[in-house]
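Participant: Next one to model:
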Amino acid sequence: MEFNSLQYLVFLPTVFLLFWICPHRLRVPLLLVASYVFYMSWRPIYGFLIAGLTLGNYFLVPLITKTEKHKKLILGIVVAGNLITLAIFKYATFGMHTLKEGLALAHINWREPHLHILLPLGISFFVFEFIHYAVEVYRGKEPVKSLPGFALFASFFPTQIAGPIKRYQDFIPQLAIPAKFKWEYVDEGMQQILLGLFKKVLIADNLALVVQAGFTHPENFSSLDLWVIVYAFAFQIFFDFAGYTDIARGSAMLFGYKVPINFNLPYIAANVSDFWHRWHISLSTWLRDYLFIPLGGSRGGTLFTYRNLFLTMALGGLWHGAAMHYLAWGAYQGVLLILHKEYSKMLVRVGVAEKLLSSKIYHAVSVVITFHIVCVGWVFFRAENLTIAWNIIQKLAQAPIELAHFSAAQLAILQIRDPIIFPALVLILPVLMIAQPVVDWLNDKRFYLSPPWPVQVTVMVALMCLLTIFSPDTSPRFIYFQF
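Facilitator: Predicted coordinates for the structure are as follows:
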């Protein structure tokens, strides 16, 4: 069941009505049953997977608090159990294939077994939530007493498939509050859901047509065409994932619950470090708290810190998928973060850091450069394999040569020969040009925090009309469903 499906259009209002009709003591069990119905509507057998992990973590993690002598051992068992489960379902086939290729280099012919493992939806997200819970209890937080509450923490249907990754100390206390129905829940929740559908269906799904054509047959496009296609994917993945998050947060708000934000205008970041403070915030903070810091963080020397940073981002890339191009994308991000730290140190050494960082021109240039650096990384993320990614990047590098042979009239339309590319160009370039001043103005006026109700109604009606008129014939799955 997906957020942009007819089933969800029936499922969500039904659960919403039952939730507010029920007395408070029945609301958590109701949401728990609804969450399992939501999850098992795809493949019922995997309901036993999340249930088994839930029971294992619920009974094992409190043992950490029972003994000081063996608490680290119990934590290791819990974390290892979660990671092994994730590895079996997500990385077993990848590991077998990698082993086969390695043995082939040694001229050993090995027939890998066909495991036929289908990746359970959302396993990367709820496994990370279980690990977070175990580590926080190890660090001194109180374990969850209620089994239904803990089970709902892991299976809560708005965040079950693609996050955001919740923190139990933020989510569990909300379940104990006997909240009364407020129209503000419906007002805010429905606005977020509608905005999320707009981002996903109207923008991301239309851009997907452009992206699919370009990444499937990059040889059919010029280097400038490919840059437009890469821009298209940058906005597709943002609006797709941000749209999912909006629908998730809006759905949770209908029940009076709050889940964390996941994006904060990432494409106006002025450097790569700033980008990762704005993009997939729940994942980047999880990687910081439960991977980078346990690895040693920045408590050692420079090389030690850079090693930890690189490993964190490389493993974060591999978390996205069992493929070398995801690992390459993560490693690329790690190298970029290391280079940014060295660049920042250099600015301080030569005494120009304060002057440059206060310059609006420098900031604007930094935003443009950072956006393009991120776009190059998206090539590794989106391409089917490293060979295709490298071919696209080589072609992108030829853009200055191709640009030099264009006249001004030709440049105005970029000589895009495929008619599906031009709509993307029309959409993307104005966004790139106006995004920064508009965001600055909104931040300055803080208008978007509480717009007048006539403005809200007008915007919502306009969004519904646009969704009705410009929705594509088919809507692909959310990108992060496969993770």
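
Participant: Could you report the neighbour count for the residue nearest to Leu318 when sequence neighbours are not counted?
Facilitator: Using C-beta to C-beta, 6 or more residues apart in numbering and skipping residues adjacent in sequence, the residue nearest Leu318 is Leu327, 4.9 Å away. Where you see a C-beta, it was placed from the backbone N, CA and C, and this is true even at glycine. For Leu327, the neighbour count with other C-beta atoms under 10 Å is 21.

Participant: One more: Ile392?
Facilitator: By other C-beta under 10 Å, the burial measure for Ile392, its neighbour count, is 24.

Participant: Likewise for Ile373?
Facilitator: Other residues near Ile373 come to 17 when the count uses other C-beta under 10 Å.

Participant: for the one 4 residues further on, same thing?
Facilitator: Residue neighbour count, defined by other C-beta under 10 Å, stands at 20 for Gly377.

Participant: and if you look at the one 3 residues further on?
Facilitator: When counting by other C-beta under 10 Å, one arrives at 25 neighbours for Phe380.

Participant: is it true that it touches Tyr332?
Facilitator: Yes: with contacts counted by C-beta atoms under 8 Å, Phe380 reaches Tyr332, the gap being 6.0 Å.

Participant: okay, now the domains of the protein?
Facilitator: 6-181, 185-482 (automatic domain parsing).

Participant: Any chance of JSON lines for those, columns mean pLDDT?
Facilitator: Converted to JSON lines, these look like this (pLDDT from 0 to 100):
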{"stretch": "domain 6-181", "mean pLDDT": "88"}
{"stretch": "domain 185-482", "mean pLDDT": "81"}
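
Participant: The residue nearest to Leu318 reaches Gly316, doesn't it?
Facilitator: No: the pair Leu327 / Gly316 is not scored as a contact, 9.9 Å apart, by C-beta under 8 Å.

Participant: quick one: buried residues of the lengthiest helix in the chain?
Facilitator: If you go by DSSP state H, the chain has its longest helix at helix 71-105. For helix 71-105, burial by neighbour count (16 or more other C-beta atoms under 10 Å) applies to 74-75, 77-79, 81-82, 85-86, 89-91, 93-94.

Participant: Could you dump those into CSV and include distance to Tyr290?
Facilitator: CSV is the format used below for those (distance: C-beta to C-beta, whole Å):
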residue, distance to Tyr290
Ile74, 17
Leu75, 12
Ile77, 16
Val78, 13
Val79, 9
Gly81, 15
Asn82, 11
Thr85, 17
Leu86, 14
Phe89, 20
Lys90, 17
Tyr91, 18
Thr93, 26
Phe94, 22
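
Participant: Check these and tell me the two furthest apart.
Facilitator: Spatial extent of the buried residues of helix 71-105 (C-beta to C-beta) is set by the pair Ile74 and Thr93 at 30.6 Å.

Participant: shouldn't Ile247 be in contact with Gln192?
Facilitator: Yes: with contact defined as C-beta under 8 Å, Ile247 counts as touching Gln192 (7.2 Å).

Participant: Would you mind telling me which of these two has the busier surroundings?
Facilitator: Ranked by neighbour count (other C-beta under 10 Å), Ile247 and Gln192 place Ile247 first, with 26 against 20.

Participant: Can you classify the closest residue to that one other than its chain neighbours as helix, strand or coil?
Facilitator: Nearest residue to Ile247 in three dimensions, chain neighbours excluded: Gly196, at 3.7 Å (C-beta to C-beta, 6+ apart). What DSSP: H, G, I helix; E, B strand; the rest coil gives for Gly196 is helix.
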